[in-house]
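>>> 3D, please:
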Amino acid sequence: MRVNVYAEEMTDRIEIVEKRTAEGTFTGLRIYLQLPATITDGPFKGSNVSGPFIHRAGDDDSAAVTFWGKRDLLEVLGKATKVLQKHYREQDAQTVGQGQI
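Predicted coordinates:
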């Protein structure tokens, strides 16, 4: 399964959740999402907004993505960060080499 989540949908609202099972305690890194939208009329026409999905009763039903694991989750996320850093370093070096900076 492939899930596409765009950076502009991710928020800085991040939490740790835990689930205990017979196999041990699993840790989840939950990143909440907010769908950006453009206001199409009224005094704020053209403005981009986003926010949590709050029901009239006040409960939060915002979308989120949760990555589950044990301590291996930290290793996987650390590797993902290193891969992204390497990609951008190489991209920056290529841009400098082409005289675009």
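
>>> What helices and strands are in contact with the worst-scoring helix or strand of the chain on mean pLDDT?
Among the helical and strand segments of the chain, the one scoring lowest on mean pLDDT, DSSP states H and E is strand 48-49, with a mean of 78. Judged by 3 or more C-beta pairs under 8 Å, 6 or more residues apart in numbering; DSSP states H and E, the packing partners of strand 48-49 are strand 37-38. Backbone N, C-alpha and C define where each C-beta goes, glycine included.

>>> now what about the strand it packs on, what contacts it?
46, 47, 48, 49, 50 (C-beta atoms under 8 Å, 6 or more residues apart in numbering).

>>> between those, which is nearest residue 73?
Within those, proximity to residue 73 (C-beta to C-beta) peaks at residue 50, which comes in at 26.8 Å.

>>> So in terms of bridging, what pairs with residue 28?
residue 17, residue 68 (DSSP bridges).

>>> Compute the number of surrounding residues for it.
16 (other C-beta atoms under 10 Å).

>>> thought it was touching residue 70?
No. Applying C-beta atoms under 8 Å as the test, residue 28 and residue 70 come out as separate, 10.7 Å apart.

>>> can you map out the helices along this structure?
Counting by DSSP state H, the chain has helices at residues 72-97.
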